[in-house]
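**Student:** Predicted model and sequence below, questions to follow.
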Amino acid sequence: METPWWADDERLLAALGQATRAAEEVPPEFVSAAKGAFLWRDVEAELAGLVYDSALDRELAAVTRGGQRVLIFRAGKDTIEAEVGPETLLGQLLPPRPGTAERQLATGEAETTPIDEAGCFVFPSAPSGTFRIRCRSLEGVVRTPWVTGAPR
């Protein structure tokens, strides 16, 4: 009489190994569909263009206060102003309105903070590397393009 596969240690381990490898393999069409769905998560956001970067302003480069970098983004009637310092990121959504601001890092990390009635928000730590800001209010979503820590 033959021993059932689950009673034979070697056959059981082989079957478990095969099941584990099969579970780790994700079909390419599934990965493609997931990436496509991920791209649509922010489709309602209006993309704001960078209109000012103090790091690129040669006349003001010498008088930049305390290492702060000022960035201004515009999308239609909306403006996002951000001041990136060595320890914090301060910002304001204009016209002023409450909501939430999210700082997204290129690494995939994200941090959310409230936007007050004056449109102001604060992230207690400075972004490291490439980041973008996403502001959500009752009027909609505005998102900046990716910004590098240092100007190009």
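**Tutor:** Right, received. Where do you want to start?

**Student:** What count of nearby residues applies to the residue nearest to residue 137 when sequence neighbours are not counted?
**Tutor:** Closest residue to residue 137 apart from its sequence neighbours, by C-beta to C-beta, 6 or more residues apart in numbering: residue 99 at 3.3 Å. All C-beta atoms are positioned from the backbone trio N, CA, C, and that covers glycine. Residue 99: 18 surrounding residues under other C-beta atoms under 10 Å.

**Student:** thinking residue 99 is in contact with residue 142, fair?
**Tutor:** No - Residue 99 is not in contact with residue 142 according to C-beta atoms under 8 Å; the separation is 9.6 Å.

**Student:** anything in contact with each of the two?
**Tutor:** By C-beta atoms under 8 Å, 6 or more residues apart in numbering, residue 99 and residue 142 have these common neighbours: 93, 135.

**Student:** circling back to that earlier point, which pLDDT value goes with the residue nearest to residue 137?
**Tutor:** You'll see residue 99 listed with a pLDDT of 97.

**Student:** which intervals of the chain have sub-threshold pLDDT?
**Tutor:** Applying pLDDT under 70 to the chain flags the ranges 1, 5-6, 23, 35-44, 58-66, 150-152.

**Student:** switch the cut-off to 90
**Tutor:** Within the chain, the stretches with pLDDT under 90 are 1-48, 54-68, 86-87, 106-108, 126-129, 148-152.

**Student:** C-alpha coordinates for the longest helix along it, PDB please?
**Tutor:** Criterion DSSP state H: the longest helix present in the chain is helix 9-24. Provided in PDB are the C-alpha atoms of helix 9-24 (Å, rounded to 0.1, in the frame of the first residue of the first chain):
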ATOM      1  CA  ASP A   9       7.500  14.400   4.600                       C
ATOM      2  CA  GLU A  10       9.500  14.800   1.400                       C
ATOM      3  CA  ARG A  11       6.400  14.800  -0.800                       C
ATOM      4  CA  LEU A  12       4.600  17.100   1.600                       C
ATOM      5  CA  LEU A  13       7.500  19.600   1.600                       C
ATOM      6  CA  ALA A  14       7.600  19.400  -2.200                       C
ATOM      7  CA  ALA A  15       3.900  20.100  -2.500                       C
ATOM      8  CA  LEU A  16       4.100  23.000   0.000                       C
ATOM      9  CA  GLY A  17       7.100  24.500  -2.000                       C
ATOM     10  CA  GLN A  18       5.200  24.300  -5.200                       C
ATOM     11  CA  ALA A  19       2.200  26.000  -3.700                       C
ATOM     12  CA  THR A  20       4.300  28.800  -2.300                       C
ATOM     13  CA  ARG A  21       6.000  29.400  -5.600                       C
ATOM     14  CA  ALA A  22       2.700  29.500  -7.400                       C
ATOM     15  CA  ALA A  23       1.300  32.000  -4.900                       C
ATOM     16  CA  GLU A  24       4.400  34.200  -5.400                       C
END
